[in-house]
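> Just to be clear, the model below is a prediction. Sequence and coordinates:
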Amino acid sequence: MDTLQQLFGTGTTLTRELTLERMALSMLLAMVLGQLIAWVYQRTHHGLSYSRSFTQSLVLLTMVVALVMFVIGDSIVTAFGLIGALAIIRFRNVLKDTRDTVFVFFTLVLGMAVGSQRYPEAVLGTIALLATTTYLHYVRFGTQGVFDGHLSFRLEGVEQGDGAFMWILKRFCRHYATISVRRGTEVTEYIFQVRLRDPKRGDDLIRDLKSAGGITGVSLVLQDELSEV
């Protein structure tokens, strides 16, 4: 009888050690995959709704859901207990972007996959989502506008002509179209629609125009490519 108790006791200890090892592995994998998701979200984010706390929450939420799956296990009683506990908590944070909702939902699903020890599905799903997110970002999928924004400036001295700045526009812009030209006795005002070769080089375009000579009042307004006007 004592031998049976020792065997059962040893078996229980070994099972608990294996469970703890799997839980540690799941938490580590959840942290790594959550960081990959948060990093891609940060690199592909546009607009004014970026929040560092939200980016960190993507990592933590993946780990929390994985831990919840381990705590629940096969116990229905524990599952209902956690549902009741979560019902008490009120989440008042409103997501301003539907894309943020997608990332939150994916971290929940990823945490469930890791917590239920479906490691191949979790890794493959993460690779598929991040690859698709990166692809949509770089091909600018869903962007309706041909132009990035508006460029306006004043050219002092009519005798200089358009050649004083056209070569700069061709170097920095894929496409550009003239909206309006107001010619005065000494100053000519230009407004262009522009599509930059690299949206991150807008400051370089402004600097080169200012250094061209005779050009003042340079202003470049880029629209948010995720907003539809």
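Received, thanks.
> can you pull out the strands in this protein?
Here the chain has its strands, by DSSP state E, at 149-156, 173-183, 187-196, 215-222.
> report the angle between the axes of the third one and strand 215-222?
Per axes from the mean of the first three to the mean of the last three CA atoms, to 10 degrees, the angle that strand 187-196 makes with strand 215-222 is 30 degrees.
> Next, the contact list for Ala122, please.
Leu29, Leu33, Leu110, Ala113, Val114 (CB atoms under 8 Å, 6 or more residues apart in numbering). (Each C-beta comes from the backbone N, C-alpha and C, glycine too.)
> Next one: it relative to Phe192, how far apart?
To Phe192, Ala122 is 48 Å away according to CB to CB, to the nearest Å.
> for the strands of the chain, which one sits closest to Phe141?
Checking the strands of the chain against Phe141 by CB to CB gives strand 187-196 as the closest, at 16.2 Å.
> remind me which residues of this structure are low pLDDT?
In the predicted model of the chain, residues 1-18, 47-48, 74, 77-95, 142-147, 157-164, 224-229 satisfy pLDDT under 70.
> domain ranges for the chain?
2-138, 149-222 (automatic domain parsing).
> where do the helices sit along the chain?
2-44, 52-72, 76-88, 98-115, 119-138, 163-172, 202-210 (DSSP state H).
> If we ignore the residues flanking it in sequence, what's nearest the residue nearest the centre of the chain?
With distances taken as CA atoms, centre = their mean, the residue of the chain nearest its centroid is Tyr41 (2.4 Å). Once flanking residues are discounted, Tyr41 sits nearest to Phe103: 5.4 Å by CB to CB, 6 or more residues apart in numbering.
> Neighbours of Leu169, how many?
By other CB atoms under 10 Å, 18 other residues sit near Leu169.
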